[in-house]
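Asks: when you get a sec, could you give me coordinates for this:
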Amino acid sequence: MPSQYPTHYAIQFTPPPADTGHIKRKFLDISYASLSPSQKLDIYLPDEGEGPFPIIMAFHGGAFMGCDKADLQVLPALEGLKRGYAVVSSNYRMSGEAKFPALVQDAKAAVRWVRANACRYSFDPQRIAAWGGSAGGYLSTMLGTSAGIIGLEDLSLGNPNQPCNVQAVVAWYGPTNFLKMDEHLVASGLLPPPGFRHNEPDSPESLLMGRTITEIPERVKVANPETYIRPGAPAFLLQHGTRDATVPVQQSIEFAEKLREALGDSKVILELIEGAEHADVKFETPENVARVLDFIDLHLK
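Replies: Residues are numbered from 1 along each chain as shown. Reported below is the predicted structural model:
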């Protein structure tokens, strides 16, 4: 899995493409908007059934700067096909192409496109879950908290009459409060050496925001999903490793606390995976993927 560290060290591991040859019904590289070649998605439908299928929207990680909708990161979500879910895996503009809030606007545009095309692909537009890890976890949480926030919408991307809300969110080791990441890593004894820190000019977060994050705290607040928490948000499942030296575990802990204040305990589940690092294989075990799908079942079925 990709590192969340700065670009001059490069992404250490770019996942290869997922093998989806066994999936009979799929529609690949479909444009959900026309502003950028990055605005494409892949659709996978269960082998059987006519729908309408509830939807898992999968968003890949990659430090806001790399990876792809069709790489290995999509495999956990594709397990949902066995439970009767359609899976829509979406790309979005990377930080090298467009700065915040472009990626959030893209994710919302993808959701609107899915709803607008529900009849064509046998989707159930009232049952959508967002699921992602790292940067994809960030996008999933933004979808969960910021529906209807005008500054994070670009309705010119298409289907302006469709809502962009989702009914459930699954976020694996996602960043939320960029400005506290180094502070959290210090508290955990996991702060990386200079050149690998989040408050630096070439960190993934600074590159996403277009400026060193410590210089633009108010702008960074706009990029924080915590900013938009309010009653009526969907249910959240947050999973994070306790030894994550990339996105510190406190990001999910503090996010969960704020969510519970607004939504109540019943709609917020925080699960800490002991000893797990960033993008650890422990998240993708059959047992944990089944746990995630059970959560999605609870809220979409």
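
Asks: phi and psi next, for residue 273.
Replies: phi -100, psi 110 (degrees, to the nearest 10).

Asks: apart from its chain neighbours, what residue comes closest to it?
Replies: Nearest non-adjacent residue to residue 273, counting by CB to CB, 6 or more residues apart in numbering: residue 241, 4.9 Å away. C-beta here means a position set from N, CA and C on the backbone, and glycine is covered the same way.

Asks: let me know the distance separating that neighbour from residue 62.
Replies: 18 Å (CB to CB, to the nearest Å).

Asks: hmm, back to that, surely the residue nearest to residue 273 touches residue 271?
Replies: No - using CB atoms under 8 Å, residue 241 makes no contact with residue 271, being 10.3 Å away.

Asks: the strands in the protein, which residues?
Replies: Listed in chain order, the strands of the chain (DSSP state E) span residues 25-31, 40-45, 53-59, 86-90, 123-133, 168-172, 235-241, 268-273.

Asks: which of those is buried the deepest?
Replies: When those are scored by mean count of other CB atoms under 10 Å, the highest mean neighbour count falls to strand 168-172 (a mean of 29).

Asks: what's it in contact with?
Replies: 128-134, 136-138, 140-141, 143-144, 234-240, 252, 279, 283, 292, 295-296, 299-300 (CB atoms under 8 Å, 6 or more residues apart in numbering).

Asks: check stretch 203-215 too.
Replies: Stretch 203-215 has contacts (CB under 8 Å, 6+ apart) with 4-7, 63-65, 95-96, 99-100, 103, 135, 175, 178-179, 181, 197-201, 216, 219-220, 223.

Asks: repeat for stretch 224-235
Replies: 138, 141-142, 144-146, 149, 165-169, 176-178, 221, 254-255, 258-259, 261-263, 267-269, 295, 298-299.

Asks: report the buried residues of that stretch.
Replies: 224-229, 233-235 (16 or more other CB atoms under 10 Å).

Asks: likewise for stretch 247-257?
Replies: 247-252, 254-256.

Asks: please apply the same query to stretch 98-109.
Replies: 98-109.

Asks: so which of these sit within helices?
Replies: 102-109 (DSSP state H).

Asks: any idea how far residue 148 is from residue 62?
Replies: 27 Å.

Asks: ok, the two, which is more surrounded?
Replies: Neighbour totals were compared for residue 148 and residue 62, and residue 62 leads with 25 against 12 (other CB atoms under 10 Å).

Asks: for this protein, what spans make up the helices?
Replies: Counting by DSSP H, the helices of the chain are 75-78, 102-116, 118-121, 135-145, 181-187, 204-209, 217-222, 250-263, 286-300.

Asks: now render these as TSV, adding mean pLDDT and distance to residue 90.
Replies: Shown next, in TSV, are the helices of the chain (pLDDT from 0 to 100; distance: least, CB to CB, whole Å):
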stretch	mean pLDDT	distance to residue 90
helix 75-78	98	11
helix 102-116	98	4
helix 118-121	98	14
helix 135-145	98	9
helix 181-187	98	25
helix 204-209	98	17
helix 217-222	98	22
helix 250-263	98	22
helix 286-300	98	17
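
Asks: nearest to residue 45, out of those?
Replies: Proximity to residue 45 (CB to CB) singles out helix 118-121 among the helices of the chain, at 7.1 Å.

Asks: what does the closest one rub up against?
Replies: By CB under 8 Å, 6+ apart, helix 118-121 touches 27, 43, 45, 52, 86, 114, 124-125.

Asks: what comes up buried for that helix?
Replies: Going by 16+ other CB under 10 Å, helix 118-121 has these buried residues: 118, 121.

Asks: stretch 275-289 too?
Replies: Within stretch 275-289, the residues that count as buried by 16+ other CB under 10 Å are 276-280, 283-284, 288-289.

Asks: how far is that stretch from where the chain is centred?
Replies: 16 Å (CA atoms, centre = their mean, to the nearest Å).

Asks: for stretch 154-174, same thing?
Replies: Distance, centroid of stretch 154-174 to centroid of chain: 11 Å (CA atoms, centre = their mean).

Asks: low-confidence stretches in this structure?
Replies: Along the chain, segments meeting pLDDT under 70 span 1-13.

Asks: in TSV: the buried residues of stretch 247-257, plus distance to residue 211.
Replies: Listed next are the buried residues of stretch 247-257 as TSV, based on distance: CB to CB, whole Å:
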residue	distance to residue 211
247	21
248	22
249	27
250	24
251	21
252	26
254	24
255	24
256	29
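
Asks: hmm, back to that, what's the closest of the helices of the chain to residue 34?
Replies: When the helices of the chain are compared (using CB to CB), the closest one is helix 102-116, at 10.3 Å.
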